[in-house]
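# sequence and predicted structure are below.
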Amino acid sequence: MRKVCVVGGGAGGMMAAIWAARSGHDVTLFEHNDKLGKKLFITGKGRCNVTNACDTEVLFQNVMKNPKFLYSAFYGFDADACMQFFEKLGVKLKTERGNRVFPLSDHSSDIISALTYEMRRLGVRVIMGAHVTEILISDGVVSGIAYKEKNEKKKASFERVILATGGVSYELTGSDGSGLKLAAGAGHTVTKLFPSLVPLYIKEDWCKSLMGLSLRNVEVTIMDGKKTLFKEFGEMLFTHYGVSGPLILSASSKITQRCSEKQYELFIDLKPALTREQLDKRLLREFEENKNKAFKNSVASLFPSKLIPVMVALSGIGPDTKVNEITKQQRQAFVELIKRVPLTIEKTSDFREAIITRGGVSVKEVNPSTMESKIISGLFFAGEMLDLDALTGGFNLQIAWSTGYLAGVSV
């Protein structure tokens, strides 16, 4: 039996604590918040998108950075293992569109309660309001931690330390980067940090008039000149400063590191199921049925009402122009607009709205088979503080569960 310290009471930390305890070790978890799983509580809009019920190979495809590092973690504890783990703890799950897995209750608190109960059952000591300030190291080997509790400085001896403190996104949940400082203080390289899975700021003012409008079944393309950086189908949302929603959050992961250097073009295909020829035929039918109406009153079946004045204005066709006066060239140009509504990305949002942090402890300095540091013996890592990030859909939480599991069983 070893004395194991887990720093961080989020997804990765609690998972690591449980599996270290199940492996027969004496485990203590330190959390500087007054509650466990604060960020976990708000994931999936409070519903907690636990994982994605896809094949393991698909997990890798949705990891944006360093996917090969996760080979042992994903194959050791994949989505099926994750679902079985929670169901055995009494949490009933359901699978929704896109293989996204949620608690049947739609309450993230059920996941947190299950983890908390299991730690208590296994005898894991949980110390709340404790700020770990240093990893104690002797001759290249972990010897314990220094921490503050109620403004009192303390030290504790441990043979193993698992750091699982998260990144720097959503600081109010406790993700303040303190764990990354601990890692750096122990000699680890922390790569440059960027907000990822974030809304996008848009240059065009007309976006503001669409605030609150959600578009489903559209296709978004992001271009860097003639190079396509992102092209996916899904759902998006207009905000008071730009665009958001699942499709946009995923798109942001492709440009986060470069958006400060240049502006990118974003195009929305409002009718991705139709080719240009099919859309032109439909438009001809609409115009034939409404040939004596004004243009602005002839496209109600094509767009949500809030979007109609914007599309009419962008078309360059006078809103009061009679439909039977619209030329073939104008109609075809309108078809092109519907297939490629143009927007200019000014910047990504910041860490306050970022779902995850891109960057973190360099995976080159961590053993992918165990999650143990290659620099300090007895020091392990789990979760978002590693230089790993994925798309939305439960993939980032799966990284936390898988790396937490591997760190816990490897101590």
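Perfect, I can see it now. Numbering: from 1, shown residues only.
# beta-bridge partners for residue 386, please?
Taking DSSP bridges, one finds residue 361 as the beta-bridge partners of residue 386.
# show the contacting residues for residue 99.
52-54, 393-394 (Cβ atoms under 8 Å, 6 or more residues apart in numbering). For the C-beta atoms, the positions are set from N, CA and C on the backbone; glycine is no exception.
# please repeat the previous calculation with a cut-off of 7 Å.
52-54 (Cβ atoms under 7 Å, 6 or more residues apart in numbering).
# any weak-confidence spans in the stretch 251-400 of the chain?
Along the stretch 251-400 of the chain, segments meeting pLDDT under 70 span 256-261.
# likewise the stretch 51-200 of the chain?
Applying pLDDT under 70 to the stretch 51-200 of the chain flags the ranges 170-174.
# for stretch 313-327, measure first residue to last.
From its first residue to its last, stretch 313-327 covers 17 Å (Cα to Cα, to the nearest Å).
# next one: stretch 198-216
OK, stretch 198-216 end separation, Cα to Cα: 19 Å.
# tell me the gap between it and the middle of its chain.
Relative to its parent chain, stretch 198-216 has a centroid offset of 20 Å by Cα atoms, centre = their mean, to the nearest Å.
# next one: stretch 49-56
In terms of Cα atoms, centre = their mean, the centre of stretch 49-56 is found 14 Å from the chain centre.
# restrict it to CA atoms and write it as PDB.
Extracted C-alpha coordinates of stretch 49-56, given in PDB (Å, rounded to 0.1, in the frame of the first residue of the first chain):
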ATOM      1  CA  ASN A  49     -22.100  14.900 -21.700                       C
ATOM      2  CA  VAL A  50     -20.300  12.000 -20.000                       C
ATOM      3  CA  THR A  51     -18.700  10.500 -23.000                       C
ATOM      4  CA  ASN A  52     -19.300   9.600 -26.700                       C
ATOM      5  CA  ALA A  53     -20.600   6.100 -27.400                       C
ATOM      6  CA  CYS A  54     -18.400   5.600 -30.500                       C
ATOM      7  CA  ASP A  55     -15.700   3.200 -31.500                       C
ATOM      8  CA  THR A  56     -12.300   3.800 -29.900                       C
END
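# can you tell me the element the closest residue to residue 228 other than its chain neighbours falls in?
Leaving aside its sequence neighbours, residue 228 sits nearest to residue 221 (Cβ to Cβ, 6 or more residues apart in numbering; 6.2 Å). Here residue 221 sits within strand 214-224, counting by DSSP states H and E.
# residues touching the residue lying closest to residue 304 once chain neighbours are set aside, list them.
Nearest residue to residue 304, sequence neighbours excluded (Cβ to Cβ, 6+ apart): residue 213, at 6.2 Å. Residue 213 makes contact with 238, 304, 306-307, according to Cβ under 7 Å, 6+ apart.
# okay, those in TSV with distance to residue 199 and secondary structure next?
Below are the contacts of residue 213 laid out as TSV (distance: Cβ to Cβ, whole Å; DSSP: H, G, I helix; E, B strand; the rest coil):
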residue	distance to residue 199	secondary structure
238	10	strand
304	20	coil
306	19	coil
307	19	coil
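# just the buried residues out of those residues, in PyMOL syntax.
To isolate in PyMOL the members of the contacts of residue 213 that are buried, counting by 16 or more other Cβ atoms under 10 Å, one can use:
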select buried, resi 238+307
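# what's the closest of the contacts of residue 213 to residue 217?
Nearest to residue 217 out of the contacts of residue 213 is residue 304 (Cβ to Cβ; 12.1 Å).
# before we move on, the earlier item: return the member of the contacts of residue 213 nearest to residue 254.
Comparing those against residue 254 with Cβ to Cβ places residue 238 closest, at 20.1 Å.
# how close does the closest one get to residue 213?
Look at residue 238 and residue 213: by Cβ to Cβ, to the nearest Å, they are 5 Å apart.
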